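Engineer: only geometry, no sequence info:
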């Protein structure tokens with residue numbers, strides 16, 4: 001995959017014409033993540049820590065690539081280096097570019113199973129200064145409905161474990177079939 005400077009724009013859910021509250025992706029947000037999202041063209045950004053006792057920080061969800069079928073002739077080693085037909089090196093490069101911009105560095109990357117789906121995880125850090133504390137960043141890449149999504153979280157280091165747990169619950173809710181809700185199909189339209 002050629003390196004892409006700009007993210008692919010997600011297909012965001014359209015409001016329901018009846019004026020009833022829309023059951024979109026935001027119904028799956030963890031406690032303390034606000035339901036009001038900023039949409040900067042390509043991504044949806046959530047503030048966290050909006051409820052007392054919740055983790056302060058930010059999270060954003062963006063489409064970063066279209067998934068591709070994995071060819072049948074790949075070796076197991078080559079398959080482990082791919083997520084939904086996209087090389088994890090390309091996904092890692094997205095994180096490296098963001099960390100260069102933020103003045104941070106990548107700490108680790110690995111693939112794991114969340115809610116029965118493969119997720120590529122990259123952890124990173126940015127240093128603190130007089131205005132902001134040292135931050136821990138987690139980047140989660142997962143395939144959903146033919147697209148590879150990136151969930152990016154950042155929070156002060158002391159809250160990183162709780163933020164990671166919230167992010168993993170959110171990723172699980174993206175993949176969870178919920179017959180009474182449109183949330184699993186929110187980005188398909």
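Structural biologist: Arrived safely, thanks for sending. All of these numbers come straight from a predicted model, not from anything done at the bench. Numbering: from 1, shown residues only.

Engineer: where do the helices sit along the protein?
Structural biologist: In the chain, the helices defined using DSSP state H lie at 76-80, 88-102, 160-175.

Engineer: low-confidence stretches in this structure?
Structural biologist: 1-27, 35-41, 50-55, 69-72, 74, 177-189 (pLDDT under 70).

Engineer: just the terminal-to-terminal distance for stretch 98-112.
Structural biologist: 22 Å (CA to CA, to the nearest Å).

Engineer: what do you get for stretch 103-119?
Structural biologist: One end of stretch 103-119 sits 25 Å from the other (CA to CA).

Engineer: in it, which residues are buried?
Structural biologist: Residues of stretch 103-119 classed as buried under the neighbour-count rule (16 or more other CB atoms under 10 Å) are 104, 106, 109, 114, 117, 119. (Each C-beta comes from the backbone N, C-alpha and C, glycine too.)

Engineer: which residues does the closest residue in space to residue 95 that isn't next to it in sequence bridge with?
Structural biologist: In space, and not counting its chain neighbours, residue 95 is closest to residue 122: 4.5 Å by CB to CB, 6 or more residues apart in numbering. Using DSSP bridges, the bridge partners assigned to residue 122 are residue 109, residue 139.

Engineer: quick one: contacts for residue 122?
Structural biologist: When contacts are counted by CB atoms under 8 Å, 6 or more residues apart in numbering, residue 122 touches 91, 92, 95, 106, 108, 109, 138, 139, 141.

Engineer: so who does the third one touch?
Structural biologist: Shown here is residue 95, whose contacts under the criterion CB under 8 Å, 6+ apart are 106, 109, 122, 124, 139.

Engineer: you'd agree the last one is up against residue 152?
Structural biologist: Yes. Proximity of residue 139 to residue 152 meets the contact threshold set by CB atoms under 8 Å, at 5.2 Å.

Engineer: any shared contact partners between the two?
Structural biologist: Contact criterion CB under 8 Å, 6+ apart; residues shared by residue 139 and residue 152: residue 98.

Engineer: still on that earlier bit, and of the buried residues of stretch 103-119, the nearest to residue 80?
Structural biologist: residue 109 (12.5 Å; CB to CB).

Engineer: residue 82 versus the closest one, what's the distance?
Structural biologist: To residue 82, residue 109 is 14 Å away according to CB to CB, to the nearest Å.
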